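[1] Compute the structure for the input listed below.
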Amino acid sequence: MTYCLGILVKEGLVLAADSRTNAGVDYISSYRKLFEFSKPGDRTLLLCTSGNLSITQAVVHQLAQDIKRDSQSVPSRNRIPNLHNLPTLYDIARYLGDQIRALQKADRPWLEQDKIDFQCSFLLGGQVQGEAPQLFLIYSQGNCIQATPETPFLQIGETKYGKPILDRTLGFDVPLDAVAKCALLSIDSTMRSNLSVGPPIHMVMYQTNSFEVRHRAQFQAGDPYLIKMRKHWEVALREASLSMPDISWNQEDALSPLGIADLGDA
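    Okay, the predicted model is just below:
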């Protein structure tokens, strides 16, 4: 299991991913889940992966191979669709879905034979010249959905523990630096509640219309900033819970199906 998230706001994008891969209690390892396929000055493309590791690695390899093969082809002849020549980010998302389906089709009979889960999903975020930044979630079936100002974040993998923080703190107008902190808190909270998610954490921040990733970070277990952030968040949560207004207790007999006010006298 892993946890990846992408956040799209007015100022740009933040994508983050853990690196833990779990193939049973006896085999836990780390593999990078966040990749960049940018073309300087023309497009910035960021990709997060979750699910069956052999499928996601094969997809990432195929994406790189298509770029390489197209660059070696005769100009204007037999152009190979790839991340660097498709005209829109939506076209890229659909192309990525096609690659997922093709590789699953090739391996599916053998994986099903041994009852191996072959599902996977991807986050694609970035910007192509002439478009605003966009963020897509591509499902294992190859179809996709897109983040919107009303729903500015998308998640894949172990999503439930990190979602409440995003729901309560994010909005389309939130500054990009604050968005990065929310993303890191979301992953840290997931690691706290689920051992199948773990460091190193990779995170990138992209500013709208820059067509360059200027901010990258990697957080290992025991990273000083990660520890400081975790302690600050825990103290803030504790103080907030203690300062909440007192509960106004209701003395009615709502708990009793028989209308008995004092259960102790029954």
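[2] the strands in the protein, which residues?
    For the chain, the strands defined by DSSP state E cover 3-9, 12-17, 20-22, 28-30, 34-36, 43-51, 120-128, 134-138, 144-146, 153-157, 201-207, 215-219.
[3] The first one pairs with which strands?
    Right, the one you point to is strand 3-9. Here strand 3-9 has these sheet partners by DSSP bridges: strand 12-17 (antiparallel), strand 153-157 (antiparallel).
[4] how distant is it from the center of its chain?
    Here the centre of strand 3-9 is set off from its chain's centre by 5 Å, with C-alpha atoms, centre = their mean, to the nearest Å.
[5] contacting residues for residue 244?
    Going by C-beta atoms under 8 Å, 6 or more residues apart in numbering, residue 244 touches no other residue. Bear in mind the C-beta positions are built from the backbone N, C-alpha and C, glycine included.
[6] and the residue lying closest to residue 214 once chain neighbours are set aside, how many neighbours?
    Excluding its sequence neighbours, the residue lying closest to residue 214 (C-beta to C-beta, 6 or more residues apart in numbering) is residue 207, at 7.0 Å. Residue 207 has 17 neighbouring residues, counting by other C-beta atoms under 10 Å.
[7] now residue 17
    Neighbours of residue 17 using other C-beta under 10 Å come to 29.
[8] Now the biggest helix by length in the chain: buried residues?
    Secondary structure of the chain per DSSP state H: the longest helix is helix 89-113. Using 16 or more other C-beta atoms under 10 Å as the test for burial, helix 89-113 gives 89-90, 92-97, 99-100, 103-104, 111.
[9] got it, and stretch 127-134?
    127-128, 133-134.
[10] Find the residue ranges of the stretch 101-250 of the chain scoring beneath the pLDDT cut-off.
    Counting by pLDDT under 70, the stretch 101-250 of the chain contains no low-confidence segment.
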